[in-house]
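S.K.: Build me a structure from this.
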Amino acid sequence: MNKGVESLRARFFADAQEYLSRGKEIVERLAAQDGKGIDAEEIHELFRCVHSVKSEASYLKYAAVGRLANALEEKLETIRSGKAATSASSFADIEGLLNRIMEAVQADKEKVEAPSEAAGPVFNNFERKLLEEATRRDERCYRVVFELEQEAPMKQARAYLILSNLEQISTVVKTVPAISTPGAADGGENDEISVYTCYLTASVAQSEIHDALDVDQVARSRIDLMEFEASAGGAGTSAQGVALSGAAGGTGGRAPRDYTSFYRLTGKKLAQLTAYADDLRLRLRELELDMRGDKKAGAQTLRKINRIAGGLYEELKGVRTATFGEEYQRYKEIVDNLAQKLGKRVRLKTEGGDLTVDRRTLAALSDPLGQLLRNAVDHGIEPPAKRRTAGKDETGTVSIVAREDGETLRITVSDDGAGVDEKALRRQEEQAGNTGSDLFAILSRPGFTTVAKATDYSGRGVGLDLVARRVEEIGGRIRATAKPGKGMVFEISVPKGPSSERLLFFRFGSKLYAMPAQAVAEVRRISKGELRRNSSGRVFYTNLPAYAADRPARVGNRASYGSFALLISYLGRKACVLADDVLFEHEVSEDLFSAPDENREESRRMAVGFGSERREFTFLPPAMIHPEGA
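M.R.: This next block holds a predicted model:
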C-alpha cells in the first residue's frame, strides 16, 4: 500500500473515532434537554464532527460511511434551519445514525487490517537482511502488539517511549504503523493511533520485553514468538504456520541499494547527541575563558574545536526543520483525486518548495491548506464546459505559494475559478445584522456557505471555520480576496516558527530562572528531613546533590533552600535544583541561545516576552551538573 494512503487511512480511523465519540456526547446532552433550550452552537459542533468524518471518508472512498454521514447532515440541517422540531425521538434517530456510521467505520477498518494480520507485514530488502543476520546470531523473532488507553494523553510520545525501550534490548525490524519522533512532519503529530505492532529480534529473555512495555496507560499487550528461516533466495518468516513475507533472489544485475536511506536517528539518540554538543560547547568555552598566560596556539585549537561542536549542533538542529515542498506531493494528490471525482480538469502550481520551516509549523498547516485546496477545487474551479463558455481554459489552475516576509511565513492559496460576489455577500450580512467583518470572517462564520447544495466533500458551512480555528491555534491569521469571475485568494500569515526550546520557569530567592523542561524528570515538594548535608557542608536532597541556582548548595549559602526540588537527569548524571516556587513552562526561540556572551554569567541572562510584558531570567543549562556532583 502507498505509504501516504496508509498514513491517511490510519489518521482517518483515529479521527473518526474521536469525532463520532464527541458527537455521541453532544447528542446525549441535547437529548437530556428534551428539545428545550437547545444551544445552536452545540448543533453546529455536531455538524463539524459529522462533516469532518464525511469529507475524509469520501476522499478515501469509504462510500458507506460517506453516505450515512451525508444522511445525518441532512437531518441536522432540517433542525438547524428550523424545518424540524427537536424532540427525544429526533435525537434517538440521530444517535441511531451515529451508531451506524461507527459500525461502517469499524467495518472499513477491519477490511484494511485483516489482510495485514493474515498475510503478515511486507518486509523490504533491508528488513529481510536484518532477519537473516538475526538468524545467524541465533536470535529469536517476536511480534509485539500493544494498545494504549483511549484516554491516554500524548499517545505518540508514549508509543515512541516504548519503541526506545525496545531498541535498547532488541533490533526493531518494523513497526506498524510507523512510529515517528513526536512532532515530525511525516505523521509525528498524529496523537490518536492507539494500537501498534512491532516486529523485532532479540536474545534477551521475554520478561525483558514485558518490562520494556511497562509504560503508564498501556491498556494491554501481547508478545508472540515467531519462527523464521533464511534461504538462498531470500528470507521467509512465519508465525503459527502462516507465511508473513517472501523475497525473490539476488539483485538481478541492478546497482546495490543505498542502505543509508534506512538509517534512523531516534529521538533519544538525537537528545543525547544534542546534550553532548551542549556540554562540549560549555566546557570548551569555560576552558577558553579560564586560560591564563600566552597560550595562543592552545586557544586557537580550542576555538576550532568549538566551531566543530557548533557545526554539530546546527546539523542536529536541522533535523527539526523541513522544506515546504515535502508536503507538495500530498497536496497534488488531494487536487488530482478530487478533480477526477468531480469531473473537472485542474492543475496545481507550486512555488517556494525549497523554503525551510520548522516541522511543527509544517504539520500544523497541513490540514488547513488541504481544506483550502479542496474548497478551491470543489467550489472555485468550474466544470470544463462552463469554463469554456466563460472564455477560460478548460483546465483550471490552483496555486499554492510559500514565502518568507521577515519573521512571518506567508502561504497563498489561489484559484482562477468563479470567485464570489463580495458585495452581494456583504448585503446578505447586513440584512442579517452583521456589519464590519472582513471577507474571510464572513466566509468562515459557522454555518455560512455559498453553496446551494452540499456535496460529499463540502458545502455545509463547516470548512473555513475549522481552517480559521487551526490557524489561530498557531498564532496566525487569514485574509481573503475575491475576484468575481476570476477566482479567490487566501493568504495565511503565521510566525516563521524557528526551532524552539520549552523551558520550565521557577523562582529561587528574588530571581527568575529557567531550564530545559525535558531535562526535568520530576518536580517534588520538599518534606522535612529530606535535605541533609555531608561532612564538607555540601547539601543533598535524599541522595542527590542539590544546586542553589547554578551553584552547588552548601550550608551557609542562604537561610532557606526552597520548597521544591527539580530532579534533573543529564548524560547519566543526576541532581536536583532547588526552587522556592515552580511557575510554568514556556516555549522560547532557540535564537536566544545562539550568541553567548564572553562573560559566562551575562551569557545566561536573557529576556523573553510573556504577553505584553518582557521579563529577564537566568538560563540554567543541565550541563552545569558536574560529574562528581560537587
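S.K.: so who does the closest residue to residue 139 other than its chain neighbours touch?
M.R.: Distances taken as CB to CB, 6 or more residues apart in numbering put residue 201 closest to residue 139, at 4.4 Å, once the chain neighbours are dropped. The way it works is simple: take the backbone N, C-alpha and C, and place the C-beta from them, glycine included. By CB atoms under 8 Å, 6 or more residues apart in numbering, the contact set of residue 201 is 130, 131, 134, 139, 140, 141, 142, 170, 171, 173.
S.K.: Please apply the same query to residue 433.
M.R.: Taking CB under 8 Å, 6+ apart, we find residue 433 in contact with no residue.
S.K.: Help me confirm that it is found in a helix?
M.R.: No - according to DSSP: H, G, I helix; E, B strand; the rest coil, residue 433 belongs to no helix; its state is coil.
S.K.: so where is the stretch 251-400 of the chain shaky, pLDDT-wise?
M.R.: In the predicted model, the stretch 251-400 of the chain carries pLDDT under 70 at residues 251-276, 278-279, 281-301, 303-304, 306-320.
S.K.: show me where it has strands.
M.R.: 321-323, 346-351, 356-358, 396-405 (DSSP state E, counting those that start in this stretch).
S.K.: buried set for the third one?
M.R.: Of the residues in strand 356-358, those buried by neighbour count under the rule 16 or more other CB atoms under 10 Å are 357, 358.
S.K.: With the second one instead?
M.R.: Of the residues in strand 346-351, 346, 348, 350 count as buried by neighbour count, 16+ other CB under 10 Å.
S.K.: Torsion angles phi and psi at residue 213?
M.R.: phi -90, psi 0 (degrees, to the nearest 10).
S.K.: and it, how far is that from residue 156?
M.R.: Separation of residue 213 from residue 156 (CB to CB, to the nearest Å): 16 Å.
S.K.: who's more crowded, these two?
M.R.: residue 156 (21 against 18; other CB atoms under 10 Å).
S.K.: Could you confirm that one falls within a helix?
M.R.: Yes - counting by three-state DSSP, residue 156 is part of a helix.
S.K.: Touching, it and residue 180? I think so.
M.R.: Yes - applying CB atoms under 8 Å, one finds residue 156 in contact with residue 180, separated by 7.5 Å.
S.K.: Show me the helices in the stretch 501-630 of the chain, by range?
M.R.: Taking DSSP state H, counting those that start in this stretch as the criterion, the stretch 501-630 of the chain carries its helices at 600-603.
S.K.: I meant the stretch 101-250 of the chain, not that one.
M.R.: 125-136, 155-169, 206-212.
S.K.: Quick check: which of the ones you listed is buried the most?
M.R.: Comparing the helices of the stretch 101-250 of the chain by mean neighbour count (mean count of other CB atoms under 10 Å), helix 155-169 ranks first with a mean of 19.
S.K.: That helix: how far from the chain's middle?
M.R.: Between the centre of helix 155-169 and the centre of its chain there are 16 Å (CA atoms, centre = their mean, to the nearest Å).
S.K.: quick one: average pLDDT of it?
M.R.: Averaging pLDDT along helix 155-169 yields 87.
S.K.: Kindly report the same for stretch 23-40.
M.R.: Rounded mean pLDDT across stretch 23-40 is 76.
S.K.: What of stretch 587-595?
M.R.: pLDDT averaged over stretch 587-595 gives 62.
S.K.: ok so, going back, could the strands of the stretch 251-400 of the chain be laid out in TSV, adding distance to residue 14?
M.R.: Shown next, in TSV, are the strands of the stretch 251-400 of the chain (distance: least, CB to CB, whole Å):
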stretch	distance to residue 14
strand 321-323	22
strand 346-351	27
strand 356-358	24
strand 396-405	26
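S.K.: Mind checking those for the one nearest to residue 480?
M.R.: Closest approach to residue 480 among the strands of the stretch 251-400 of the chain (CB to CB): strand 396-405, 14.9 Å.
S.K.: ok and the next helix or strand after that closest one relative to strand 346-351, angle-wise?
M.R.: Sequence order places strand 408-415 as the next helix or strand after strand 396-405, per DSSP states H and E. Note on geometry: by axes from the mean of the first three to the mean of the last three CA atoms, to 10 degrees, strand 408-415 and strand 346-351 are set 160 degrees apart in direction.
S.K.: got a list of contacts for strand 408-415?
M.R.: 355, 357, 361, 365, 369, 372-373, 376-377, 380-381, 396-404, 487-497.
S.K.: mind running it again at 7 Å?
M.R.: 357, 361, 365, 369, 372-373, 376, 380-381, 396-403, 487-496 (CB atoms under 7 Å, 6 or more residues apart in numbering).
S.K.: Neighbouring strands - and their directions - for it?
M.R.: Using DSSP bridges, strand 408-415 pairs in its sheet with strand 396-405 (antiparallel), strand 487-495 (antiparallel).
S.K.: Any buried residues in the last one, and which?
M.R.: Neighbour-count burial for strand 487-495, with 16+ other CB under 10 Å as criterion, is recorded at 487, 488, 489, 490, 491, 492, 493, 494.
S.K.: bridging residues for the second one?
M.R.: Residue 488 forms beta bridges with residue 415, residue 482, as assigned by DSSP bridges.
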